[in-house]
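Student: Okay, structure incoming, though there's no sequence with it:
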């Protein structure tokens, strides 16, 4: 297990019966806010693992991953049941391109998340790089039910710290919640609600979009962005949106 770091669970913070965040003490090396790392448990002579985005910034003492339990899954039910003091494995090589350093120069950064895809954006929002690079930062966070809107106190602190530079757009699609929009994000783009709520245009000249969450959201929003003459960003071919998929 030379590529694995021995970690210890500090806390298991349940949001509800299927969503939780694990707080982990592990000596992980350098990484950027927005990256992910593989988390695992021993499975015979092997390690059963999968990637999770880090909610914490590199400056925070402990690692944090936010995830939902998949009942038939081989790993997430075991992780979901871990308690303070339990052992856990953390890969020594964090990676991922959902970072501020990968984004071309532009005025506005849009972060679009569904479900547990909020994780990497919280790390970025708690760091300083985005606030130094962009005039305006937008977080659009979509869930099915209001009870799934996690980290609201953290988002409130970010709002208090950065004021008008930050725009938060909660979206709840299967029930009514005061202050939240109620359609899937692609439809909010089509009818103009998303831009009307934030007060800024989403366009190829001024904007870069980061997406993390369900494959359906990423596929549909990517199509909407393509229709605005925006293309996927690659290092060798700079574009207008960056994605990270959660399956």
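Tutor: Structure's in. What do you need? Predicted model, so just to flag it, every value in this text is computed and none were measured.

Student: what sits up against stretch 73-83?
Tutor: For stretch 73-83, the surrounding residues in contact (Cβ atoms under 8 Å, 6 or more residues apart in numbering) are 9, 12, 20, 22, 39-41, 43, 48-50, 67-71, 88. Glycine gets a C-beta too; all of them are placed from N, C-alpha and C.

Student: Sort out for me which of those are in strands.
Tutor: 9, 12, 20, 22, 39-41, 43, 48-50, 67-68, 88 (DSSP state E).

Student: And the pLDDT for residue 92?
Tutor: What the model reports for residue 92 is a pLDDT of 96.

Student: Surely it and residue 30 touch.
Tutor: No: counting by Cβ atoms under 8 Å, residue 92 sits too far from residue 30 to count as a contact (10.9 Å).

Student: thinking again about what came up before, let's have the ones in strands among the contacts of stretch 73-83 in JSON lines, adding distance to residue 138.
Tutor: Shown next, in JSON lines, are the ones in strands among the contacts of stretch 73-83 (distance: Cβ to Cβ, whole Å):
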{"residue": "9", "distance to residue 138": "34"}
{"residue": "12", "distance to residue 138": "31"}
{"residue": "20", "distance to residue 138": "27"}
{"residue": "22", "distance to residue 138": "28"}
{"residue": "39", "distance to residue 138": "29"}
{"residue": "40", "distance to residue 138": "34"}
{"residue": "41", "distance to residue 138": "37"}
{"residue": "43", "distance to residue 138": "41"}
{"residue": "48", "distance to residue 138": "37"}
{"residue": "49", "distance to residue 138": "33"}
{"residue": "50", "distance to residue 138": "29"}
{"residue": "67", "distance to residue 138": "24"}
{"residue": "68", "distance to residue 138": "24"}
{"residue": "88", "distance to residue 138": "34"}
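
Student: now those: which count as buried?
Tutor: The neighbour count (16 or more other Cβ atoms under 10 Å) marks 9, 12, 20, 22, 39-41, 48-50, 67-68, 88 as buried among those.
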